[in-house]
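Engineer: Generate coordinates for the sequence data below:
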Amino acid sequence: MAVELILLGRVSYRGREIVGPRQCGLLALLAGDLRTGCGTARLVDGLWPDERPEHPAKALQVIVSRARAQAGADIIVRTAGGYRLVVPAPQLDTAAALLHAAAAEELARAGDHGGALDRAEEGLALWASAEPGDPDGTDPLSVLRAELQQTRQSLRAARALALSRLGRPAEAVGPLTDLARQRPRDEAVLLELLRAEAATAGPAAALARYGAYRGQLREELGTDPGPALQDAHQRLLRAKAPAGVPHEPNPLLGRDDDIAAVTALLATSRVTSVVGTGGLGKTRLAYAVSRQARQPLVHLVALAGVAADADVAQEVAASLGAGPALLVLDNCEHVVQGVADLVRSLVAATRDVRVLTTSRAPLGLSSESVYPLPELHPDAAVELFRQRARGPARRRPARGRGP
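Structural biologist: The predicted structure is shown next:
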């Protein structure tokens with residue numbers, strides 16, 4: 001059903017323009033309730049808010065007559081207490097916008113994202129010829145248009161979400177970014193934005209956005225993102241993990257803040273060393289950070305089996321290639337000087353290589369940032385103990401019986 005009465009743009013009915021602020025205001029007031037219309041007192045208050053006419057009812061009749069003269073005698077009818085518009089909701093743009101928004105939301109809930117997109121775009125098209133208007137205006141038409149801005153935003157949201165869910169990330173990422181600014185705590189919007197951003201800008205960009213959101217939640221509310229976002233985060237980590245980093249069999253507990261801190265250091269320092277006593281989990285932390293590395297390739301060199309400083313360069317040379325990469329040197333404490341000499345040379349000779357080390361002592365380089373790894377939070381330590389206790393029992397050797 002085609003729209004015949006336009007209030008969002010230049011006011012007109014069936015192509016005939018309607019002029020006069022009070023005639024337009026009258027239509028706006030009546031459009032607020034198509035079913036029952038408006039009482040005389042409310043119409044008078046809306047059309048003459050500052051100074052009522054000497055004969056309010058007569059003055060209102062004059063405005064109604066002028067509106068009928070421009071739009072047609074059948075558009076406004078008298079009721080027992082006032083007046084009513086005789087226009088079906090789908091033929092009035094302000095009412096049609098509400099219908100499209102409700103339909104788009106219902107179709108999205110039913111999983112019909114193509115239908116939701118169609119209804120959202122049909123609704124947004126009603127603003128195609130909209131006039132800027134005065135957002136602070138107090139006349140009935142300005143107030144009605146301002147009230148409909150929320151519906152317009154809902155239609156934009158429905159369109160952006162539908163585009164993402166239909167697998168059209170390039171079209172969705174811009175509107176979703178705008179929407180996320182307007183709804184910073186809407187995790188359904190953020191979920192689709194992460195998917196669209198991962199598909200267009202890469203998993204690293206989506207992971208950075210997730211990390212910023214998680215940090216804000218923890219700082220402001222002391223909580224974490226919901227389960228759907230956490231699942232998306234894990235999928236992004238798997239998609240982002242560069243070549244050369246092994247996957248862990250179970251989650252790393254209680255180290256989210258440490259991962260974020262070390263990742264931030266890697267972004268600004270050529271060399272980052274995670275230092276701490278044995279058994280703190282430096283190696284696993286390095287693996288976790290490596291899986292989020294911006295570099296497409298990670299060279300992981302375990303130095304636990306290297307006995308002398310002089311052998312460090314040969315061990316690393318066997319792993320390191322050319323191009324942007326993250327070099328992870330694990331367990332450096334017994335060959336610190338050899339590692340320091342090698343890393344100093346690498347930093348001087350290359351521009352794109354970043355180095356992450358784990359050790360009980362730093363390398364002592366001017367290009368190095370040191371991250372002292374703290375003890376696990378007691379809650380995380382208890383959970384780790386429980387997980388290990390639930391693991392498979394070790395088989396004990398039989399006693400007292402020979403082969």
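Engineer: What values do phi and psi take at the residue lying closest to residue 304 once chain neighbours are set aside?
Structural biologist: Nearest residue to residue 304 in three dimensions, chain neighbours excluded: residue 331, at 4.3 Å (Cβ to Cβ, 6 or more residues apart in numbering). Bear in mind the C-beta positions are built from the backbone N, C-alpha and C, glycine included. The phi and psi torsions at residue 331 (degrees, to the nearest 10) take the values phi 60, psi 70.
Engineer: same check, this time on residue 352
Structural biologist: phi -100, psi 0.
Engineer: Looks like it contacts residue 327 (just checking).
Structural biologist: No: using Cβ atoms under 8 Å as the test, residue 352 is too far from residue 327 to be in contact (10.8 Å).
Engineer: Neighbour count: these two, which is higher?
Structural biologist: Between residue 352 and residue 327, residue 327 has the larger neighbour count (other Cβ atoms under 10 Å), namely 25 against 10.
Engineer: Might you report the residue contacts of the more buried one?
Structural biologist: With contact taken as Cβ atoms under 8 Å, 6 or more residues apart in numbering, residue 327 is in contact with 298, 299, 301, 316, 319, 320, 346, 353, 354, 355, 356.
Engineer: Please confirm that it is located within a strand.
Structural biologist: Yes: the assignment for residue 327 (DSSP: H, G, I helix; E, B strand; the rest coil) places it in a strand.
Engineer: how close does it get to residue 271?
Structural biologist: Distance, residue 327 to residue 271, by Cβ to Cβ, to the nearest Å: 10 Å.
Engineer: Spell out which residues are contacts of both of these two.
Structural biologist: 354, 355.
Engineer: Would you map the strands across the stretch 1-150 of the chain?
Structural biologist: For the stretch 1-150 of the chain, the strands defined by DSSP state E, counting those that start in this stretch cover 5-6, 12-13, 16-17, 38-39, 76-78, 82-85.
Engineer: would you list these in a markdown table and tack on distance to residue 138, mean neighbour count and mean pLDDT?
Structural biologist: Putting the strands of the stretch 1-150 of the chain into a markdown table (distance: least, Cβ to Cβ, whole Å; neighbours: other Cβ atoms under 10 Å; pLDDT from 0 to 100) gives the following:
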| stretch | distance to residue 138 | mean neighbour count | mean pLDDT |
| --- | --- | --- | --- |
| strand 5-6 | 22 | 22 | 94 |
| strand 12-13 | 23 | 18 | 93 |
| strand 16-17 | 23 | 10 | 92 |
| strand 38-39 | 17 | 18 | 93 |
| strand 76-78 | 23 | 15 | 94 |
| strand 82-85 | 21 | 20 | 94 |
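Engineer: List of residues touching stretch 274-289?
Structural biologist: With contacts defined as Cβ under 8 Å, 6+ apart, stretch 274-289 is touched by 245-246, 248, 252, 255, 258-259, 262-263, 266, 300, 328, 330-331, 356-362, 370-376.
Engineer: average pLDDT across it?
Structural biologist: Summarised as a single mean, pLDDT over stretch 274-289 is 90.
Engineer: hmm, back to that, who are the contact partners of the residue nearest to residue 304?
Structural biologist: 283, 302, 303, 304, 358, 359.
Engineer: Spatially nearest residue to residue 23 (excluding sequence neighbours)?
Structural biologist: Spatial nearest neighbour of residue 23, chain neighbours left out: residue 67 (4.4 Å); criterion: Cβ to Cβ, 6+ apart.
Engineer: Identify the residues contacting the one you found.
Structural biologist: By Cβ under 8 Å, 6+ apart, the residues touching residue 67 are 18, 20, 23, 26, 27, 75, 76.
Engineer: Quick one: end-to-end length of stretch 63-82, please.
Structural biologist: End-to-end span of stretch 63-82 (Cα to Cα, to the nearest Å): 13 Å.
Engineer: May I see the buried residues of it?
Structural biologist: For stretch 63-82, burial by neighbour count (16 or more other Cβ atoms under 10 Å) applies to 63, 64, 66, 67, 70, 71, 75, 76, 82.
Engineer: got the buried residues for stretch 374-384?
Structural biologist: Buried residues in stretch 374-384, counting neighbours by 16+ other Cβ under 10 Å, are found at 376, 384.
Engineer: Need the residues that contact that stretch.
Structural biologist: Residues from elsewhere that reach stretch 374-384 (Cβ under 8 Å, 6+ apart): 253, 254, 255, 258, 276, 280, 281.
Engineer: okay if I get the residues you listed as JSON lines plus distance to residue 228, secondary structure and neighbour count?
Structural biologist: Below are the contacts of stretch 374-384 laid out as JSON lines (distance: Cβ to Cβ, whole Å; DSSP: H, G, I helix; E, B strand; the rest coil; neighbours: other Cβ atoms under 10 Å):
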{"residue": "253", "distance to residue 228": "21", "secondary structure": "coil", "neighbour count": "17"}
{"residue": "254", "distance to residue 228": "23", "secondary structure": "coil", "neighbour count": "19"}
{"residue": "255", "distance to residue 228": "23", "secondary structure": "coil", "neighbour count": "22"}
{"residue": "258", "distance to residue 228": "25", "secondary structure": "helix", "neighbour count": "21"}
{"residue": "276", "distance to residue 228": "34", "secondary structure": "coil", "neighbour count": "18"}
{"residue": "280", "distance to residue 228": "32", "secondary structure": "coil", "neighbour count": "20"}
{"residue": "281", "distance to residue 228": "28", "secondary structure": "coil", "neighbour count": "21"}
